[in-house]
Structures are given as C-alpha cells and as structure tokens.
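S.K.: coordinates for the following, if possible.
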Amino acid sequence: MQAFKNPVGLVNMAEKRDLVSIADLTAAENRLIIQRAREMKSDSSPRPLAGKSVALLFEKPSLRTRVSFDVAIHELGGHPIYLGPEEVGLGTRETAYDVAKVLSGYVDCIIARVYSHDQLQELAAYASVPVINALSDREHPCQIMADMVTIQEHKGGLEGLKLSFIGDGNNVARSLCLGLPALGASFTIATPRKYERYDLDEESLNLSRQRVKQEEFDSVDVVAVEDPVEAVHQADVVYTDTWISMGEESEAETRRRHFLGYTVNPALMAKANPGALFMHDMPVHYGEEVEEGMLDHPQSVAYDQAHNRLHAQKAILEFLLAGN
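M.R.: Numbers count the residues shown, from 1 in each chain. Predicted coordinates:
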C-alpha cells in the first residue's frame, strides 16, 4: 500500500487546502479518500505526519471527534495539541484572525470544532495551514466522510443507492446532501415542513443538484418531503440525528413536540428496502429520534460509523498534509 499520489485531474496537493465543507472536495477526491481510508483501516504503517503538529481547537464537547482525531494524528506520526474553549476563547478572548495567524506559526494543521461556521471560515481564510471542520453549526464533513466509508463497506459502493434522512435539516443532513448525490446516491430528507425552520435550506438542495449535474448522473434525486414513511420508501440507508443540537437546548420541549412521528424504529425500517442500513452519527437521545435499542438493531451500523471516523480522518489528514 502506498500513500497518496496526485492522480490525473486532481488539484496540486502541495497547495494549501481546507476542508470546511464537504463540497470543498470534488467527487473524484471523495472517492480517493474513501478508498484510502479503507486501505489505512487494514494497514496502519504509513506515518505521513511524522514531525508535524496539529492543533485541535474545540469550542464544543466531544467524544468521537476528539478521540478519533487524537488517535489518528498519533498513529500517523504527528503530535496533537488540544485547545479547549477556556484556552482560546475564539471570538471573545481572541479574534479568529489572530488565532489563525498565531497558530499558523506553530502547527501544520488546525482542526476546529466550533459553534459558528462564520468563525470557521474566518480561520480558514487567514490561516496559512490547512483548516479542517470538525463540526460547525452548518456542516460536519468529517462525519459524512466516515459515513460514506461505512456505506461502501456494507453495500459495496454508493452509486445507485438511496439515503433517507429523518429529522432536522441540520449540519449533518446538509453535509450528507452535499456529499452523497455527487457520488451517485439519491438523497431524501423528511422534516415537519409545516414548521419551515427545520427544512434543509434551498441553497444546499440546489447546490447538491448542481453537483449531480456536474457528475452527469441522470437518475440521482435530491428531494425534501414531510412524511417519514414516504421518505424511506425504497431506501437503502435510513439515517437520523438528534432533534436538539448543541446550542438549541432552550428549544428542547418545542422541538420534541414538533418532531413527534419522526422517531426511527423497527416499524419504519421495515418500510425501507430489505437489508437497508440504519445509521446515526451519535450521541443518541433514546425515546426521541430513535427508539430504545435501535443502535443494536440487526440493520444498524452506527458503531461501525463511529469507528470509521478514525480511518476516514487519517485519510483526510494524509490528503491535506502529505504534500505540504
């Protein structure tokens, strides 16, 4: 197994690249990273980050994201440096501009888990080293990369599949919508559309459709509906996420009322294609978006998703840093 080379048609990987949105990667680059993640899963010998340091700038708490990135950096030969909210105070104690400029002189990459996508974009704009979105209020590209690795492992590929997302049109839904259709998988989202606040925005839906056209897929659909049963019809993957993201706790009771009927359970899974995968990026709120026990359902691959964060992120780090 060899480390990344620059395939024909891809950008010069020696240039500074950021992963702020899953749409920052072309379909060809996504395929390359998925393939590389699966290779790295079976062979941990490459150490392309030897001699490199990576800042983990985290405003939000984390289990999977922090541990998987910390381990990934270590296994690739690099040195992770964790910076919590009390150390930096992004946008309060220090501006994103100053943080980007200072960290660029210390480290080779900045991985940021933030509340504000605008702050993340500012970091990327002013940092001279790659910036990776480890979650913002708009997108979660590293999660979706692991999801695509997981689906390919279990289904043999992505092209021709249908993924149905049940719940809030949040950062995870947006990254799934922007990522999967460009690789040939149809995407349907079911939200309580009478409350427009939960809809996935038209800008993201339209950008996804544009990416489909660029890849010249004729039979890939990007659809928003209200009925979960309609959404999962002929689905190969049923995906859900929390109804109440971090920062929305004051809306918890209202959201629980509005999302009644959007719980994923065995009865809903039975409406999808036989052998459909159940996916959840975690953490889980049992009795809300999922019924108790759904992560151990025979069709669930949620724990595989969590474990593949490590391998997908190793491939992302190698892709962004190997030539720099």
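S.K.: excluding its backbone neighbours, what's nearest residue 134?
M.R.: The spatially closest residue to residue 134, leaving aside those adjacent along the chain, is residue 113, at 4.0 Å (Cβ to Cβ, 6 or more residues apart in numbering). C-beta coordinates here come from the backbone N, C-alpha and C atoms, glycine included.
S.K.: now residue 300
M.R.: Closest residue to residue 300 apart from its sequence neighbours, by Cβ to Cβ, 6+ apart: residue 278 at 4.5 Å.
S.K.: for that neighbour, which residues are in contact?
M.R.: Counting by Cβ atoms under 8 Å, 6 or more residues apart in numbering, residue 278 makes contact with 237-239, 264, 269, 294, 297, 299-302.
S.K.: which secondary structure state does it sit in?
M.R.: strand (DSSP: H, G, I helix; E, B strand; the rest coil).
S.K.: before we move on, what about residue 244?
M.R.: Per three-state DSSP, the local secondary structure of residue 244 is coil.
S.K.: would you check that it makes contact with residue 289?
M.R.: No. In this structure residue 244 lies outside contact range of residue 289 using Cβ atoms under 8 Å: 9.1 Å.
S.K.: hey, where'd the strands end up in the stretch 1-150 of the chain?
M.R.: Listed in chain order, the strands of the stretch 1-150 of the chain (DSSP state E, counting those that start in this stretch) span 53-58, 79-83, 109-113, 131-133.
S.K.: export these to TSV and tack on mean pLDDT and mean neighbour count?
M.R.: Below are those laid out as TSV (pLDDT from 0 to 100; neighbours: other Cβ atoms under 10 Å):
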stretch	mean pLDDT	mean neighbour count
strand 53-58	98	23
strand 79-83	97	17
strand 109-113	98	27
strand 131-133	98	27
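S.K.: which one of those lies closest to residue 197?
M.R.: strand 131-133 (23.1 Å; Cβ to Cβ).
S.K.: packing partners of that closest one?
M.R.: Counting contacts by 3 or more Cβ pairs under 8 Å, 6 or more residues apart in numbering; DSSP states H and E, strand 131-133 packs against strand 109-113, helix 117-126, helix 141-155, helix 302-321.
S.K.: quick check: which of those is buried the most?
M.R.: For the helices and strands packed on strand 131-133, the largest average neighbour count (mean count of other Cβ atoms under 10 Å) is found in strand 109-113, namely a mean of 27.
S.K.: that one: how far from the chain's middle?
M.R.: Distance of strand 109-113 from the chain centroid (Cα atoms, centre = their mean, to the nearest Å) equals 14 Å.
S.K.: residues in contact with that strand: which ones?
M.R.: 52, 54-60, 62, 65-66, 69, 100, 103-104, 120, 123, 127, 129-136, 317, 320-321.
S.K.: what mean pLDDT does stretch 293-310 get?
M.R.: Mean pLDDT, stretch 293-310: 98.
S.K.: so what touches stretch 187-198?
M.R.: Outside stretch 187-198, the residues that reach it (Cβ under 8 Å, 6+ apart) are 162-169, 173, 176-177, 180-181, 199-200, 208, 221-228, 230-232, 235, 258-259, 261-262.
S.K.: what residues sit buried inside that stretch?
M.R.: The neighbour-count check on stretch 187-198 (16 or more other Cβ atoms under 10 Å) flags 187-192, 198 as buried.
S.K.: quick check: helices, which of these are part of them?
M.R.: The members of the buried residues of stretch 187-198 all map outside helices under DSSP state H.
S.K.: show the buried residues in the contacts of stretch 187-198.
M.R.: By neighbour count, with 16+ other Cβ under 10 Å, the contacts of stretch 187-198 hold 162-169, 173, 176-177, 180-181, 199-200, 208, 222, 224, 228, 231-232, 235, 258-259, 262 as buried.
S.K.: quickly list what the residue nearest to residue 300 is bridged to.
M.R.: With beta bridges defined as DSSP bridges, residue 278 has these partners: residue 238, residue 300.
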